[in-house]
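Colleague: Okay, structure incoming, though there's no sequence with it:
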């Protein structure tokens, strides 16, 4: 799942059984970790806190009134939730949660003292979030992951470390914390440490986890430049993939964990891999010149891949791979052939004569934005739509033509940071 952060070094349908967390005032601490970077400060589970009985909507506790609108905040963090139905915003004085379709603010928490939030990770639509302080005046230490229960309007647990937390990933049964060169995997039910992974320097906090129950796949940087490590926990297998010659800039995983899209610091090529055997299934080209890739996103069927970069264009590519296949199976449906003429270079007739560039697979559809700004992209719940979030507070919903491709059509625009805009 993709995340944008303003710091170069500093992601709620049914939470299921994994979200039993206790009050931090409990005297005993039961986090099982002897890691060098981990300082256990986690409470034991509380069986009386059952999120199954909670509603699927956000509602402020009656004793917590929303503060009056201030000037537009500074934005530190943007991330979609696991099904791209909502997104979370971390600002210099709190955090906010928005619904994507229809677009509206669901709730916000503005803190009086400090208030900087550098990471906000949702768990689908439930009231449990993980947050990390950020900015020049952080609300919480940047080396702590705070477990926030919005029904109670307070933190109910924490995980402490000896270095800055770069990112957090949530599943209904796991909490994954990413540090500069180490990743910790915890059981959600009791915050017990299950696994530690060492990585190459990872200032962006790159990490992705599958969301299908009972089949945990975790992807993170390996120990070499351009290397991806894939952990298949169900089969207890580890797979290393040399994805690129240069360092990793971004990657994305399908919800079932079968397909992985990667981009390097060059930002010209995006590669699609089978996570089971590490095979390269497809390679698409964003452009010829270098670019910083900000986000990659698969559609729910893995038929499309969206890409955003600092060049100001969001690209949508047609994928010929099948996420549900066990091998390198290619799509054979009529949909996969709709845009063949658009996705191949117009100079493909000289295949084998000129460099590989001229035989590249190009994007089917594009949407132009301001060059140099940071944007996060995901596919909307409406057919053939893309949702784009900007670190400038912009929200776009666009539609692409799966048959003819070309420029996308803008359907909707909002600035979610403007205090005067009504939701």
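Modeller: That came through fine. What you see is a predicted model, and the numbers here were worked out from it, not measured in a lab.
Colleague: what's the distance between residue 382 and residue 257?
Modeller: Computed as Cβ to Cβ, to the nearest Å, the residue 382 to residue 257 distance reads 25 Å. From N, CA and C alone the C-beta is placed, and that goes for glycine too.
Colleague: Could you check which of these two has the larger neighbour count?
Modeller: Counting neighbours by other Cβ atoms under 10 Å for residue 382 and for residue 257 shows that residue 257 has the greater number, 25 against 13.
Colleague: Could you list which residues are in contact with the more buried one?
Modeller: The neighbourhood of residue 257, defined by Cβ atoms under 8 Å, 6 or more residues apart in numbering, consists of 209-210, 212, 215-217, 232, 275.
Colleague: tell me which element it is part of?
Modeller: Assigned by DSSP states H and E, residue 257 falls within no helix or strand.
Colleague: That one and residue 235, how far apart?
Modeller: 11 Å.
Colleague: Tell me where the chain is predicted with low confidence.
Modeller: 1-70, 322-360, 419-423 (pLDDT under 70).
Colleague: follow-up on the earlier one: of the contacts of residue 257 - the most surrounded one?
Modeller: residue 217 (25 neighbours).
Colleague: hey, what's that one bridged with?
Modeller: Beta-bridge partners for residue 217, by DSSP bridges, are residue 232.
Colleague: so what's it up against?
Modeller: So residue 217 contacts 209-210, 230-233, 253, 257, 275 (Cβ under 8 Å, 6+ apart).
Colleague: can I get those residues in CSV with distance to residue 320?
Modeller: Formatted as CSV, those follow (distance: Cβ to Cβ, whole Å):
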residue, distance to residue 320
209, 25
210, 22
230, 21
231, 27
232, 24
233, 29
253, 18
257, 19
275, 17
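Colleague: Would you check which pair of the residues you listed lies furthest apart?
Modeller: The span of the contacts of residue 217, defined through Cβ to Cβ, is set by 233 and 253 at 13.6 Å.
Colleague: who has more neighbours, the two?
Modeller: Per other Cβ under 10 Å, whichever of residue 233 and residue 253 has more neighbours is residue 253, with 23 against 19.
Colleague: any idea how far residue 216 is from that one?
Modeller: As for residue 253, its distance to residue 216 is 11 Å (criterion: Cβ to Cβ).
Colleague: what is in contact with those two at once?
Modeller: Residues touching both residue 253 and residue 216 by Cβ under 8 Å, 6+ apart: 209-210.
Colleague: Could you check stretch 160-180 and say which residues are buried?
Modeller: For stretch 160-180, a neighbour-count test (16 or more other Cβ atoms under 10 Å) marks 160-161, 164-180 as buried.
Colleague: Likewise for stretch 97-105?
Modeller: 97-100, 103, 105.
Colleague: In CSV: the residues you listed, plus secondary structure and distance to residue 196.
Modeller: Formatted as CSV, the buried residues of stretch 97-105 follow (DSSP: H, G, I helix; E, B strand; the rest coil; distance: Cβ to Cβ, whole Å):
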residue, secondary structure, distance to residue 196
97, strand, 31
98, strand, 34
99, strand, 36
100, coil, 35
103, coil, 40
105, strand, 38
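Colleague: Out of the residues you listed, which is nearest to residue 413?
Modeller: Using Cβ to Cβ, the buried residues of stretch 97-105 come closest to residue 413 at residue 103, 9.5 Å.
Colleague: who touches residue 181 in this structure?
Modeller: By Cβ under 8 Å, 6+ apart, residue 181 lies in contact with 198-202.
Colleague: Kindly recompute the last result at 6 Å.
Modeller: Listed by Cβ atoms under 6 Å, 6 or more residues apart in numbering, the contact partners of residue 181 are 199, 201.
Colleague: Residue 250 versus that one, what's the distance?
Modeller: Distance of residue 181 to residue 250, given as Cβ to Cβ: 19 Å.
Colleague: Which parts of this structure are helices?
Modeller: Using DSSP state H, the helices of the chain run over residues 340-343.
Colleague: Neighbours of the nearest residue to residue 305 once chain neighbours are set aside, how many?
Modeller: Leaving out its chain neighbours, the residue that sits closest to residue 305 by Cβ to Cβ, 6 or more residues apart in numbering is residue 317, at 4.6 Å. Residues near residue 317, counting by other Cβ under 10 Å, number 25.
Colleague: Repeat that for residue 236.
Modeller: Neighbours of residue 236 under the rule other Cβ under 10 Å: 7.
Colleague: isn't residue 266 right next to residue 290, touching?
Modeller: Yes: counting by Cβ atoms under 6 Å, residue 290 is a contact partner of residue 266 at 5.5 Å.
Colleague: between these two, which one's more packed in?
Modeller: Counted by other Cβ under 10 Å, residue 266 and residue 290 do not tie: residue 266 has more neighbours, with 17 against 14.
Colleague: Show me the beta-bridge partners of residue 145.
Modeller: Taking DSSP bridges as the rule, residue 145 bridges to residue 159.
Colleague: tally of neighbours for it?
Modeller: For residue 145, the count of nearby residues is 26 (other Cβ under 10 Å).
Colleague: gap between it and residue 253?
Modeller: Counting by Cβ to Cβ, the separation of residue 145 from residue 253 is 21 Å.
Colleague: give the contact list for the closest residue in space to residue 282 that isn't next to it in sequence.
Modeller: Distance criterion Cβ to Cβ, 6+ apart; nearest residue to residue 282, sequence neighbours excluded, is residue 272 at 4.3 Å. Contacts here follow Cβ under 6 Å, 6+ apart; on that basis residue 272 touches 261, 281-282, 321.
Colleague: and which of the residues you listed is nearest to residue 296?
Modeller: Closest approach between these and residue 296, by Cβ to Cβ: residue 261, at 4.7 Å.
Colleague: Hmm, residue 297 and the closest one touching each other?
Modeller: No: Residue 261 lies out of contact with residue 297 (Cβ under 6 Å); the separation is 8.5 Å.
Colleague: okay, the two: which has more neighbours?
Modeller: The neighbour count for residue 261 versus residue 297, taken as other Cβ under 10 Å, is higher for residue 261 (28 against 23).
Colleague: All good on my end, thank you.
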